[in-house]
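> No letters, just coordinates:
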């Protein structure tokens, strides 16, 4: 499994075996290799990833906390089902709480913060242009948004937002790959950064909410279409 060994080995030796297994299984779920509702058999995963069952079991428990895995009596672990109802709740919470973080942060952001945000956005735009959905919807996207929220001094809100982002990472990837997000996200991110630089707090918060809620609407429409086709 390339996630565990290979060219990047020197960069990831500091990670625990469980962390590597978490990343490998998370990627399988998010990219659709493991479908929603599909059983996650510990013995098979351990064999595939060339590890014992212990890190697999620990990884599945961590992924349960992220909302990607569900444990059920007599069934064991399965990949969580996706639903249009969950999308609405999670994205609406994100819109409220992330706008609050931005509102508290924006006046305290420094020139260095904006340089870092600009560099992160450039990498994000490059990933989008290259079709690298894993980077564009994962770490780079999170780093860009978090840089704009970094001066909020709202640690508990930040913690909740981080948890919500983990829960909706699958939906964000669906938005980029299947629901038109790859066309709209770069422009929306650029607009958000420009408004933050101009200290246009009200407009920036409005743009952020629109960015998150329009993604919600796109994903909800896609999921409702998928749910209709499956019945």
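Received, thanks. Note that this is a predicted model, so its numbers are computed, not measured. Residues are numbered from 1 along each chain as shown.

> those helices in the protein, which residues are they?
9-12, 17-30, 42-49, 53-65, 84-105, 111-129, 133-136, 139-149, 155-167, 169-178, 181-197, 201-229 (DSSP state H).

> Dump those into JSON lines; add distance to residue 72 and mean pLDDT as well.
C-beta: built from backbone N, CA, C; applies to glycine. Listed next are the helices of the chain as JSON lines, based on distance: least, CB to CB, whole Å; pLDDT from 0 to 100:
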{"stretch": "helix 9-12", "distance to residue 72": "32", "mean pLDDT": "38"}
{"stretch": "helix 17-30", "distance to residue 72": "16", "mean pLDDT": "86"}
{"stretch": "helix 42-49", "distance to residue 72": "14", "mean pLDDT": "94"}
{"stretch": "helix 53-65", "distance to residue 72": "11", "mean pLDDT": "90"}
{"stretch": "helix 84-105", "distance to residue 72": "17", "mean pLDDT": "93"}
{"stretch": "helix 111-129", "distance to residue 72": "36", "mean pLDDT": "91"}
{"stretch": "helix 133-136", "distance to residue 72": "29", "mean pLDDT": "66"}
{"stretch": "helix 139-149", "distance to residue 72": "30", "mean pLDDT": "92"}
{"stretch": "helix 155-167", "distance to residue 72": "18", "mean pLDDT": "91"}
{"stretch": "helix 169-178", "distance to residue 72": "19", "mean pLDDT": "73"}
{"stretch": "helix 181-197", "distance to residue 72": "32", "mean pLDDT": "88"}
{"stretch": "helix 201-229", "distance to residue 72": "21", "mean pLDDT": "88"}
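
> and of those helices, who's closest to residue 76?
helix 42-49 (7.8 Å; CB to CB).

> Run through who's touching the closest one.
For helix 42-49, the surrounding residues in contact (CB atoms under 8 Å, 6 or more residues apart in numbering) are 1, 4, 21, 24-25, 52-53, 56-57, 60, 76-77.

> and if we set it to 10 Å?
1, 3-4, 17, 20-21, 24-25, 28, 34, 41, 51-57, 59-60, 76-77 (CB atoms under 10 Å, 6 or more residues apart in numbering).

> Give the buried residues for that helix.
42, 45-46, 49 (16 or more other CB atoms under 10 Å).

> How about the residue most central in space within the chain: what's its closest non-neighbour residue?
For the chain, the residue sitting closest to the mean C-alpha position, by CA atoms, centre = their mean, is residue 169 at 3.0 Å. Nearest-residue entry for residue 169: residue 30, 6.1 Å, with adjacent residues in sequence omitted and distances by CB to CB, 6 or more residues apart in numbering.

> these two touch, right, the one you found and residue 68?
Yes: if you go by CB atoms under 10 Å, residue 30 and residue 68 touch, sitting 7.7 Å apart.

> neighbour-wise, which of those two wins?
residue 68 (24 against 21; other CB atoms under 10 Å).

> from memory that one sits against residue 62, does it?
Yes: using CB under 10 Å, residue 68 is in contact with residue 62, at 9.3 Å.
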